[in-house]
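Trainee: Return a 3D structure for these sequence lines:
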Amino acid sequence: MKKQILMFTAVAMLAAALAGCGKPVQKSSTQMGYIGEDAAKNMAVTAAQVDTANASFSGVSLDEKDGIAYYGVDFTAAGTTYHNASDALSGAVIESSSGTAQTTGTTDTTGTSGTTGASQTGTVDEARAKQIALEHAGVSESDTTFLMAKQDYENGTLVYEVEFYVAATGTEYDYEIDAATGEVRSFDYDAENYTAGQQNTASGTNETKSEAEIRSIALAKVPGATENDIRMNLDRDDGKLRYEGKIIYEGMEYDFEIDAYSGAIQEWDAESVFD
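Mentor: Down below sits the predicted model:
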């Protein structure tokens, strides 16, 4: 009988030891100090000035980007779709967008060129979307050899995708304009046929601009950004020196390439850090 008791005790101890070798339980969002999904929903509807009772939530998720934990909240109210991102710790709204909700089964995609059934409810039409993009780029329509705008949905938000080409500089521009607000959601341009310049060729030397000068050129494109918001490095591509880098400021990420000799911006791309 003693032997049976001792054997049972040994088995129980071994089972307990094995159970303790399992994978540690991850901390919950509450243990991490996050505001939680319910609070994130409240933050989202408050920012959109929508009554919670009128909101139909399609998704709430806890995500992380560039070391920032945030709650992404998507919901619909009164025919409008909303997307909101709130800091998981403080609850501060760091991104918010809205657009006309797409009606399932009633959108006419075979109508006139460049329009859909949902386009009738947007506050920004095609002509205005083009104008917004041109003004942002500092280009007049007469300077473009190709100008196109079409509607599309981006994460449930109705947008205009605007593209145009400026032959004089060999630069191609791409814009994404919010069809409800006219906000520039993202943009980029690429000087495709650009040839890097060389300074002081008369003396036979190739002088490049200083890193401080290049930083100033890039930061001037993002009002409010400082030295703490920019990272860049000098690289050689096809025998030409250029600076490559990025600026992260107020929820936006700007990627760029700048010619080290002339300081000309060869490529520039901007989008939300949460896209």
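Trainee: okay but G72 is in contact with G59, surely?
Mentor: Yes. Using Cβ atoms under 8 Å, G72 makes contact with G59 at a distance of 7.3 Å. Every residue, glycine included, has its C-beta placed from N, CA and C.
Trainee: When the two are compared, which one has more neighbours?
Mentor: Remark: of G72 and G59, G72 carries more neighbours, 19 against 10, as counted by other Cβ atoms under 10 Å.
Trainee: State the pLDDT value of the more buried one.
Mentor: G72 carries a pLDDT value of 82.
Trainee: Can you name the residues bridging to it?
Mentor: S61, A85 (DSSP bridges).
Trainee: With the one 5 residues further on instead?
Mentor: In this structure, A77 has beta-bridge partners T80, where bridges are defined by DSSP bridges.
Trainee: I'd say E64 and G72 touch.
Mentor: No. Applying Cβ under 8 Å, one finds E64 not in contact with G72, separated by 10.6 Å.
Trainee: From the domain annotation, what segments belong to each domain of the protein?
Mentor: Split into domains by automatic domain parsing, the chain comes to 37-100, 105-193, 198-275.
Trainee: Would you single out the least confident of these?
Mentor: Among these, domain 105-193 carries the lowest mean pLDDT (a mean of 76).
Trainee: mind listing the helices in the stretch 101-250 of the chain by residue range?
Mentor: For the stretch 101-250 of the chain, the helices defined by DSSP state H, counting those that start in this stretch cover 126-137, 211-219.
Trainee: mind giving me CSV with these and columns for mean neighbour count?
Mentor: Listed next are those as CSV, based on neighbours: other Cβ atoms under 10 Å:
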stretch, mean neighbour count
helix 126-137, 18
helix 211-219, 16
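Trainee: is it possible to export those helices to TSV including distance to R242?
Mentor: As requested, the helices of the stretch 101-250 of the chain are exported to TSV (distance: least, Cβ to Cβ, whole Å):
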stretch	distance to R242
helix 126-137	21
helix 211-219	9
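Trainee: Between those, which one is closest to I35.
Mentor: Evaluated over the helices of the stretch 101-250 of the chain, closeness to I35 peaks at helix 211-219, with 33.1 Å, by Cβ to Cβ.
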